[in-house]
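**Q** heads up, no residue letters with this:
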């Protein structure tokens, strides 16, 4: 039996008659007669009725989670008239849920498919904020999530025409000096551009590579999702995909991160984290830190992939990407794994150290073979595959790019890879997806994380798990995979123990005090919309969390909407990229 965590204590509410209905089940479509209406009131941000605050897709599963000691009746009401349209009984999902610290019940109203706005009311507990049921509910979310990358641009001004209230002058135009033990001996190499990473203004090759790889995958799988002028960015109107335009901003910077040997600098940051100031006022010297094989192999793979994505619209740029990738591969042939990048003694910015570069090398060989057709890259793919058994055993993040490599193999229409490799890639993907499905089915909130897995960036981990399910559903179209991915997205959008939509500007209750000064503004009381925050962190990696919670607190509640809680409330381009893919996939169900 799972250990019960300390969570909110809910008094037993409702009449004796209600208490005796614990085991009742079923659902009855109701008329408007005989059922009293009730007035709506101000909604509590910590509501015990947890819904997808963006709404529900007509024709798809529709469930809400309820924190309650009892199974109680629920009603779905028309939000305009308050007339009840559906009645049912809560169904027990998990008693003493370890992650949330309470009993979890499900209100299932999947049979309701009429479009409109509704409220979910649970007798004796409370009600949800209004939500829509519609055939199109994700377009605004998707646009805001992808458009948020524009606001992360470094080395340029963000004018009001494009940035509205979140403007700033050009920033970090002096990037950057090549790091040397003696600062006076450092030489300057232009490395402006790219995206700020997340909670700071640093630019980290490995995290940028993973984020951009996800966005290129999104373009490959959904090429019509972001046509010209869909994102309202400076490049809109040039006749090309706005998504590819935004991706190119990062790629142009990445090309500057390559040294003459072919290796890629691992990161571009100051020596120490800077105080939260507007980007144009951050004048701390910034440095290029030595190349790593992890950064080089990841950049090699990404640029080879980009050479195919841009070939039809800009052959010259595609050629630059491929030549850079080829030079990176030459570097890798003469540089064995170095055991992961390590910060020099006087450097305190995040290291993004990865002691295993075999996944990046494998992805690089896969993408170079697809880009060139040269047999030596296929041979490298097969040799590297023999060293990784299984090929894929965990969801992706900046330190594990194997999902991108597997997707590239399975997407190859020419089937140029050995059939044994294709079968192995598919089998490993489906096996991992099945493990995630089992976790989801056993969890009270239908979540793919368990107690002990709510780490720094837990929301990013959830969406990277969802990405695995999306890919499994793409290559083997089974309902369970699609619904599993959809369930993870609904958790992010408010169907969680805190009743919080973890994406800024979306839903009824979302973060306001994110950790990123560039994405807040004195001209606006709210951060830019479309940013995913890291989410609950049971390991209390910052002082603000440590003051508020203890090790006995419920893991899924250990989050603070505070500028002081960098380990639960910062943002990341990689997390947003995963959200973008999953949201587009789910909108296309």
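**A** Thanks, I have it. None of these values were measured; they are calculated from a predicted model. Numbers count the residues shown, from 1 in each chain.

**Q** Can you list the low-confidence ranges for this protein?
**A** Applying pLDDT under 70 to the chain flags residues 1-46, 182-185, 520-523.

**Q** Verify the stated contact: residue 585 with residue 468.
**A** No. Assessed by CB atoms under 8 Å, residue 585 is found out of contact with residue 468, at 11.5 Å. All C-beta spots, glycine's among them, are computed from the backbone N, C-alpha and C.

**Q** Of the two, which one has the most company?
**A** Comparing residue 585 with residue 468 by neighbour count (other CB atoms under 10 Å), the higher total belongs to residue 468, at 27 against 24.

**Q** so what's residue 311 up against?
**A** When the contact criterion is CB atoms under 8 Å, 6 or more residues apart in numbering, the partners of residue 311 are residue 318.

**Q** For it, give its distance to residue 167.
**A** From residue 311 across to residue 167, the span is 35 Å (CB to CB, to the nearest Å).

**Q** So for the helix ranked longest in the chain, what gets flagged as buried?
**A** The longest helix of the chain (DSSP state H) is helix 419-442. Buried residues in helix 419-442, counted by 16 or more other CB atoms under 10 Å: 421-422, 424-426, 428-430, 432-433, 436-437, 439-440.

**Q** List the beta-bridge partners for residue 49.
**A** Bridge pairing for residue 49 (DSSP bridges) gives the partners residue 66.

**Q** neighbours of it, just the number please.
**A** Quick note: residue 49 (other CB under 10 Å) scores 24 neighbours.

**Q** just to revisit the earlier point, which strands and helices sit next to the helix or strand that the longest helix of the chain is followed by?
**A** On the C-terminal side of helix 419-442, the nearest following helix or strand under DSSP states H and E is helix 458-475. On a contact count with 3 or more CB pairs under 8 Å, 6 or more residues apart in numbering; DSSP states H and E, helix 458-475 meets helix 402-411, helix 419-442, helix 479-492, helix 573-587.

**Q** So which of those helices is nearest residue 144?
**A** Ranking the helices and strands packed on helix 458-475 by their distance to residue 144 (criterion: CB to CB) puts helix 573-587 first, at 9.9 Å.

**Q** Report the angle between that closest one and helix 479-492.
**A** Following axes from the mean of the first three to the mean of the last three CA atoms, to 10 degrees, one obtains 130 degrees for the angle between helix 573-587 and helix 479-492.

**Q** show me what contacts residue 90?
**A** Residue 90 makes contact with 66, 68, 71, 72, 73, 74, 105, 106, 107, 122, according to CB under 8 Å, 6+ apart.

**Q** Please flag which of the residues you listed sit within helices.
**A** Among the contacts of residue 90, no member falls in helices (DSSP H).

**Q** Let me have these in JSON lines, adding neighbour count and distance to residue 156 as columns.
**A** Listed next are the contacts of residue 90 as JSON lines, based on neighbours: other CB atoms under 10 Å; distance: CB to CB, whole Å:
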{"residue": "66", "neighbour count": "28", "distance to residue 156": "47"}
{"residue": "68", "neighbour count": "24", "distance to residue 156": "51"}
{"residue": "71", "neighbour count": "21", "distance to residue 156": "56"}
{"residue": "72", "neighbour count": "22", "distance to residue 156": "54"}
{"residue": "73", "neighbour count": "18", "distance to residue 156": "56"}
{"residue": "74", "neighbour count": "26", "distance to residue 156": "50"}
{"residue": "105", "neighbour count": "26", "distance to residue 156": "50"}
{"residue": "106", "neighbour count": "19", "distance to residue 156": "48"}
{"residue": "107", "neighbour count": "27", "distance to residue 156": "47"}
{"residue": "122", "neighbour count": "25", "distance to residue 156": "49"}
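
**Q** Residue 298: which of those residues is nearest?
**A** Taking CB to CB as the measure, residue 298 lies nearest residue 106 of these, at 40.8 Å.

**Q** is it true that the closest one touches residue 65?
**A** Yes. Contact criterion CB under 8 Å: residue 106 and residue 65 qualify, at 6.4 Å.

**Q** Next secondary structure element downstream of the helix or strand containing residue 141?
**A** Element membership for residue 141, per DSSP H and E: helix 139-151. Using DSSP H and E, the next helix or strand after helix 139-151 towards the C-terminus is helix 160-163.

**Q** Name the residues of that next one that are buried.
**A** Neighbour-count burial for helix 160-163 flags 162, 163 (criterion: 16+ other CB under 10 Å).

**Q** Just the residues contacting it, thanks.
**A** Contacts to helix 160-163, defined as CB under 8 Å, 6+ apart, come from residues 150, 151, 167, 232, 233, 234.

**Q** Can you tell me, leaving aside adjacent residues, what's nearest to the first one?
**A** Put plainly, it is residue 150. Counting by CB to CB, 6 or more residues apart in numbering, residue 233 is the residue found nearest to residue 150 once chain neighbours are left out, at 4.9 Å.
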